[in-house]
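J.: Here's a sequence, model it:
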Amino acid sequence: MLIFTVKLGFKPIFMKLNHLFRLPLLLFFLALYSVQAQNHSDGSYTTVITGFDWGPGVNKVILAPTLKTEKLVATDFEVMVSRSSDIATISTSTRSGKREVIQAFASDSSGNPDAKGQYTTLLFSVAPNNPLGSPIQYYRGQSSGGNIWIDYAMTIVHVPTQAVWHTENNRIIPIVDDFDTSGTYTQGVIKLTYASFMPKTKQAKIPLIIWLHGGGEGGTDPTIPIIANKAYNYAAPEIQRHFNGAAVLAPQTPTRWMHGVTTAYTRGQEDDIYHKALIGLIKNFVKENPTIDSNRIYVGGCSNGGYMTLKLLLENPDYFAAAYISSLAYYNEFVSEKQLLRLKNIPIWFVHAQDDKTTEADKTATPLYKRLKQIKSKNVHYSLFDHVIDVTGQYGGESYHYNGHWSWVYLHDNQVFYDYDNQPVLWKGKPVSIMEWMAAQHK
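T.: The predicted structure follows:
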């Protein structure tokens, strides 16, 4: 005799079976259980986070492969999200709500469409004015602040079958996942973290693109500087092709690059506390990666990172092959005539927006550019935009204006072509984008 338990719903059934009927009845009840359970998932899903011009967004979810239905319909799914944090304050209106599913399709385990795939992928609507899609949150504390990852939880229901998914078991962040985010460098009491990317290439020597983040990306998690404002895009194929493969280095400060020796913020009037450790990090990274071409090291950054880029150029005028600077936070008045001469022969391309209220162009990039032109700098360029627009055309194009401080949007999307006189920048007689120009520079 055999005693076993079968659960149908929540009601257990106990049975005693003799040897003759044991197997047929066991298979019968297991079949009943299978019919009932076939449309109930194991509750797990994979979150897909993609970087956009305004920041990261949860634009996909991949559901565990247990849903049985003949047709996948987007409106058959209901998705509720919850955004929470032990550090950042999240407003009631952006703490929880419903996500709009715009497409549902069969896929592989990575979310790629596959008609024979065993997984179900949902595509969400995302937009710069929809914070429910954001897995990060900006906060301002007493001694620190910036963007941080938050707890982002979803409950997904397939209404016709009442199948439910409620537990994240994996997270995919395209391109960011290709970075090594474990880098650290210590010099004295200063400890910096960094993310790095090495391309798959057969070249014996490769250039290095360095990106220095803005004031909102400080901390000790290097994924933030590369995802919070799409800096990971320097490792994307669209930009990599201009360099035939380039290494990417994204250092991170625990506070802010403009952290002064005696003041909370320096705009050039005094030293910051990080530039010596930062150049040490860069030189150490180059030493540890001998495939990097020391004649093709490019440095750039935005806002705080724009300040630090200029600082590195002033302190190390013979080290870098070129610089690309967005929303410069270093004040022109603090660049002396002697320092200006150090910049004269360095290829530099400034990018700024006229309506930038955080780092005003008339106090930073505009007068500095004009002074460099006055001393006959041969390879300095300046793209001054009226506004920072939606370059993708998905949210209004020219009629949609981001914060004027966000001129790095043009950099990360390689949508910079014109000089201060509104004429195309030429290299060897050919109009070029900022990345094409930079790839052509050698020390």
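J.: now the helices for the chain?
T.: 22-37, 223-227, 237-243, 275-288, 304-315, 337-343, 365-374, 408-412, 434-439 (DSSP state H).
J.: Pipe these into a markdown table and attach distance to Ser109 and mean neighbour count per row.
T.: C-beta coordinates here come from the backbone N, C-alpha and C atoms, glycine included. Output for the helices of the chain, formatted as a markdown table (distance: least, C-beta to C-beta, whole Å; neighbours: other C-beta atoms under 10 Å):
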| stretch | distance to Ser109 | mean neighbour count |
| --- | --- | --- |
| helix 22-37 | 21 | 12 |
| helix 223-227 | 22 | 27 |
| helix 237-243 | 22 | 17 |
| helix 275-288 | 34 | 17 |
| helix 304-315 | 36 | 25 |
| helix 337-343 | 51 | 14 |
| helix 365-374 | 46 | 18 |
| helix 408-412 | 29 | 25 |
| helix 434-439 | 33 | 23 |
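J.: quick one: which of those has the weakest pLDDT on average?
T.: Out of the helices of the chain, helix 22-37 stands lowest, with a mean of 39 (criterion: mean pLDDT).
J.: List the residues that contact Pro431.
T.: Phe417, Pro424, Val425 (C-beta atoms under 8 Å, 6 or more residues apart in numbering).
J.: if we can go back for a sec, which among the helices of the chain is found nearest to Gln354?
T.: Among the helices of the chain, helix 365-374 comes nearest to Gln354, with 8.9 Å by C-beta to C-beta.
J.: what helices or strands is that closest one leaning on?
T.: helix 337-343, strand 348-353, strand 380-385 (3 or more C-beta pairs under 8 Å, 6 or more residues apart in numbering; DSSP states H and E).
J.: Out of those, flag the one nearest Val48.
T.: strand 348-353 (30.0 Å).
J.: Who does that closest one pair with, and is each partner parallel or antiparallel?
T.: strand 322-326 (parallel), strand 380-385 (parallel) (DSSP bridges).
J.: Same list (those) but as TSV, adding distance to Trp406.
T.: Below are the strands paired with strand 348-353 laid out as TSV (distance: least, C-beta to C-beta, whole Å):
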stretch	distance to Trp406
strand 322-326	9
strand 380-385	10
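J.: Residue ranges of each domain in this structure, please.
T.: If you go by automatic domain parsing, the domain ranges for the chain are 44-172, 176-439.
J.: Quick check: which of those domains has the most neighbours on average?
T.: Across the domains of the chain, averaging neighbours per residue (mean count of other C-beta atoms under 10 Å) puts domain 176-439 on top, at a mean of 19.
J.: can I get the helices of the chain in JSON lines with distance to Glu78?
T.: Below are the helices of the chain laid out as JSON lines (distance: least, C-beta to C-beta, whole Å):
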{"stretch": "helix 22-37", "distance to Glu78": "21"}
{"stretch": "helix 223-227", "distance to Glu78": "28"}
{"stretch": "helix 237-243", "distance to Glu78": "36"}
{"stretch": "helix 275-288", "distance to Glu78": "47"}
{"stretch": "helix 304-315", "distance to Glu78": "41"}
{"stretch": "helix 337-343", "distance to Glu78": "57"}
{"stretch": "helix 365-374", "distance to Glu78": "48"}
{"stretch": "helix 408-412", "distance to Glu78": "33"}
{"stretch": "helix 434-439", "distance to Glu78": "42"}
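J.: out of these, nearest to Gly97?
T.: With C-beta to C-beta as the yardstick, what comes closest out of the helices of the chain is helix 223-227 (22.3 Å).
J.: that older thread, with distance to Ala264 and mean pLDDT added, can I get the strands paired with strand 348-353 in a markdown table?
T.: Output for the strands paired with strand 348-353, formatted as a markdown table (distance: least, C-beta to C-beta, whole Å; pLDDT from 0 to 100):
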| stretch | distance to Ala264 | mean pLDDT |
| --- | --- | --- |
| strand 322-326 | 22 | 98 |
| strand 380-385 | 29 | 98 |
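J.: Among those strands, which comes closest to Phe124?
T.: Closest among the strands paired with strand 348-353, using C-beta to C-beta: strand 322-326, at 29.1 Å.
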